[in-house]
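K.L.:
Could you work out the structure for the sequence below:
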Amino acid sequence: MAAPRKRSAKTAANSTKAVQAIKHEETRVNNPTADAFDLVTEAVEAAMTWRGKRDFAKDPQLVWKGKDEQDREDLEVPAPPIFRQERIEPRYLVKQLMDETKRRRESEGGESAGEELSLFGTEFFDDGIPDELDKVDWYNHQMNWTNRMILGDSLQVMASLAERENLRGKVQMVYIDPPYGIKFGSNWQTRADNSRVRDGKLEDATREVEQIKAFRDTWELGISSYLTYLRDRLTSARDLLTESGSIFIQIGDENVHLVRSLLDEVFGSENFVSLIAYKTTSGAGSFAGGTNVLASVADYVIWYARNIDTVKYRQLYVLKQLGESGASGYNFAETSDGTRARFSSTPPEGSRVFTADNLTSQTTRVGQTTVFPVTVDDVIYRPAKGGWKTNREGMERLKNARRLLGLGRTLRYVRYFDDFPAFPRNNLWDDTTTAGFGADKIYVVQTNTKVIERCMLMATDPGDLVLDPTCGSGTTAYVAEQWGRRWITVDTSRVAIALARHRLMGAKYPAYLLADSLEGKAKEAELSQQPLDRSPSKHDVRRGFVYERVPHITLKSIANNPDIKEGMTRDQIDKAIKKHAEFETLYDRPYENKKAVRVAGPFTVESLSPHRSVSFDQEVPASEKAAEMMPSGASYEETILEHVKKAGVQNGYRNERLEFESVEPVSGRILTAVGIRKDAEEGTPARVGIALGPEYGTVDSLFIKNAAREALRFGEIDLLLILGFAFDANATEATNEINQERGEFSVIQQRQVGKMAVLNVRMNPDLAMGDELANTGAGNLFTVFGEPDIELTETSDGQLVAEIKGLDIYNPTTGDVRAEGPDDIMMWSIDTDYDAEAFIVRHVYFSGENGKSTGLNPYERLGKALKGQIDDEALSTLFTTKSRPFPKPESGRIAVKVVNYYGDEVLKAIDI
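P.N.:
Next up is the predicted model:
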């Protein structure tokens, strides 16, 4: 075997790149963590309601079914707490791979790359709250800012942000990409590794109850419900915007007219900014393809301001290309000897291109100060109408600067191509076809990055807060991270959140020069030819980046230039003009630090508290009420209990079924019913309590704990079933010990909460879908949901290695739970020092080969950029079922979180 190739010190030094991440100076409120559910107080649980005023002063307005009833009272939305599920710092994860490469090279006798990462250094995972008790005093302290990815209904999330977290009036930009039409299923992706969704195919329809709810709320009454859905969210979004803020709605031509009318109603027609049309395809359609009328090749973005008088706006520019849009009239050339002539196709090499521009104005100044003869090359010129664009003194400066050109009987102004080599971008974007993605789509309705990028650059500055209530694949978050904006993104789909987390975790960005950095100040001094700013650098992104700029030399700036005199040389004139010229900032072209790579900053994955609350249920907004009853007219509880009695509960491991003689409702706050088992043998559970989780949402650990307490108080209950459509990752950790004695069900599924044996039971989502998917063939309506099989081993040097053997995979299409190996796992992560208060992603892995073959390898581009510091062997450790070694935890505990391709999460804590 050949000896390992030794890297030279010179090669290692040249290939070393710094890994950067933007740290924001702003803070955020310390909302509770899902892990510390037992520390949630009654004050945090207490119901809060956000109220949005209806404004009837603006006319005309759209009228739709149900609107009059809604308008009789203000919009009221429950504002539940938002729980942090996990914290991710991509820079920490990347540095782990760099350290892995460094250790291997040192052991092979090669050169190291980069500095060693202290795995428990204070540089990472610092929330900025020094007092341990303050950390769990929820909503009463400020913590360091982290960007946010939130699972839940966007209306309730925005209500919570406004009421509980005081973000009212603090969001600079809202970007909403709602469904363009009202078809069921066409916008929903059921698996993270399959973005091909066919509308009308039952097997491709969503089984996520949060999205079923979105369907029922949004389209129960067709377009009328669609408009209610949008108006409620526009009203809530307006409340969050700053006075200088903007909202952008991306929409197709099917409903663009209706959405604009809604925006007129909510924001006021006077706050309309622009209707942006952007091209989505280069083809024009054909009869063979089904297009028999005028083809549509564009979608739209509607832009409204919170207040048009104070709206923040940054003009974007397009660099001119000779002969193309914005530069079509430049058909003259001036050679080095001063000769000027018109050219037909290509200007002479080394010449200076210009256009002969208009020099007259339609109006004259008082006193006729702009009406006078001008002599150029012995020819006298007079303005045909109105007057010249400058007075006699200004005209003399233009003449001395050789900016006048006679064409026949008309005197023209010489405007060089490089006077202003850019032109303002307008509201027609024709360069946004699918090539603008720059990468394969990972989500069925993934948005073009160019579109969001331009909207963001026009309406925000670095450090501003951007909100997207329609996360999808996380494109808004991805773009906001690239341009140094803070972001919050929300979605009802667990698949969407899983994809967005996956995308951001391994994203690679250019390392733009911060204006508030030593390198940035040096570059700024070079560009402005001003002395270097020697004040302390804090790397505050709110100071912006160092941007490219272009001169904007105008007729006025030359005419008013006091330095231009008769007899000056050409170089002297150009220098004088440049000295007094204005410059335009190119906000989409910041300078890069080529010796660095930037990754995403810290972000948290969060979710709404999903446990049932009587006070919450009483405050359902109008847009939600269509979903309160099942399609049959029966209540949610009645429907589920009837199915429980008929179908029983399936054990996914042994194909055993728990059947009932009777199921009777009870009047508990959380406990829903008590069932009597059919043919229960002596010594096995006979009386079974049933706690029914939320109709739309996930069951969390707090719900399980409270249900067990209530069941214990109820008395004479042997077994408690927790029924839910989905379970939070922490739900399996809601218990304090595993019951190893009972044999009726597999011990991996049966847990013990105090004296109460508990089973988490997954309900088939078809129960929430009524007749839409009545014939899916899913027979198991209630199945026990298990947990990952983790094996820990100790290395020779005393470190630990975790290996995932498999997981119960619940297939929502068939209703089956099967014990599978790790190939169906999208991602698994480890908190190697779990404190039971917050899950921190310290290791992350992607099992099997799927990440490499389906485009779901988030570190592919980053690995190429850091090839000198992260080798292929280190990257290969990401795609494994066995972790890299890690030290034994000081807390005495680790936690493993697993995410499958359906977006389901499960967490298992292990005592060491």
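
K.L.:
all strands of the stretch 301-450 of the chain, in order?
P.N.:
Along the stretch 301-450 of the chain, counting by DSSP state E, counting those that start in this stretch, strands occupy 317-319, 332-334, 340-342, 352-357, 360-361, 374-376, 379-381, 387-388, 404-407, 410-416, 422-424, 428-429.

K.L.:
which parts of the first one are buried?
P.N.:
In terms of neighbour count (16 or more other C-beta atoms under 10 Å), strand 317-319 has its buried residues at 317, 318. C-beta: built from backbone N, CA, C; applies to glycine.

K.L.:
Within the sheet, what are the partner strands of that strand, with directions?
P.N.:
Applying DSSP bridges, strand 317-319 is found paired with strand 422-424 (antiparallel).

K.L.:
So this structure: which segments form each domain?
P.N.:
Using automatic domain parsing, the domain ranges for the chain come out as 9-89+125-316+428-507+601-606, 321-420+547-590, 629-784, 789-911.

K.L.:
State the distance from residue 23 to residue 658.
P.N.:
52 Å (C-beta to C-beta, to the nearest Å).

K.L.:
ok, those two, which is more surrounded?
P.N.:
Between residue 23 and residue 658, counted using other C-beta atoms under 10 Å, residue 658 has the larger neighbour count: 24 against 14.

K.L.:
Now the nearest residue to residue 494 once chain neighbours are set aside: phi and psi?
P.N.:
Using C-beta to C-beta, 6 or more residues apart in numbering and skipping residues adjacent in sequence, the residue nearest residue 494 is residue 903, 2.9 Å away. Recorded main-chain torsions at residue 903 are phi 90, psi 0, according to degrees, to the nearest 10.

K.L.:
Throw the strands of the stretch 301-450 of the chain into TSV and include distance to residue 281 and mean pLDDT, thanks.
P.N.:
What follows is these, written out as TSV (distance: least, C-beta to C-beta, whole Å; pLDDT from 0 to 100):
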stretch	distance to residue 281	mean pLDDT
strand 317-319	21	95
strand 332-334	38	95
strand 340-342	39	93
strand 352-357	34	95
strand 360-361	43	90
strand 374-376	51	95
strand 379-381	50	95
strand 387-388	48	92
strand 404-407	43	95
strand 410-416	36	96
strand 422-424	25	95
strand 428-429	13	96
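
K.L.:
looking at those, which is buried most?
P.N.:
Highest mean neighbour count of the strands of the stretch 301-450 of the chain: strand 387-388, a mean of 22 (counted as mean count of other C-beta atoms under 10 Å).

K.L.:
Name every strand pairing with that strand and say which way it goes.
P.N.:
Strand 387-388 has these strand partners (DSSP bridges): strand 360-361 (antiparallel).

K.L.:
ok, residue 86 - contacts?
P.N.:
By C-beta atoms under 8 Å, 6 or more residues apart in numbering, residue 86 lies in contact with 604, 605, 729, 829, 838, 839, 840, 841, 897.

K.L.:
and the residue lying farthest from the centre of the chain, what pLDDT?
P.N.:
Most distant from the centre of the chain: residue 378, at 65.7 Å, with distances by C-alpha atoms, centre = their mean. You'll see residue 378 listed with a pLDDT of 91.

K.L.:
Could you do residue 811 as well?
P.N.:
On pLDDT, residue 811 comes in at 47.

K.L.:
Could you do residue 448 as well?
P.N.:
81.

K.L.:
Tell me how far the closest residue to residue 167 other than its chain neighbours lies from residue 48.
P.N.:
Nearest non-adjacent residue to residue 167, counting by C-beta to C-beta, 6+ apart: residue 161, 4.4 Å away. Computed as C-beta to C-beta, the residue 161 to residue 48 distance reads 12 Å.

K.L.:
again, but for residue 430
P.N.:
In terms of C-beta to C-beta, residue 430 sits 47 Å off from residue 48.

K.L.:
Compare neighbour counts for these two and give me the winner.
P.N.:
residue 48 (18 against 12).
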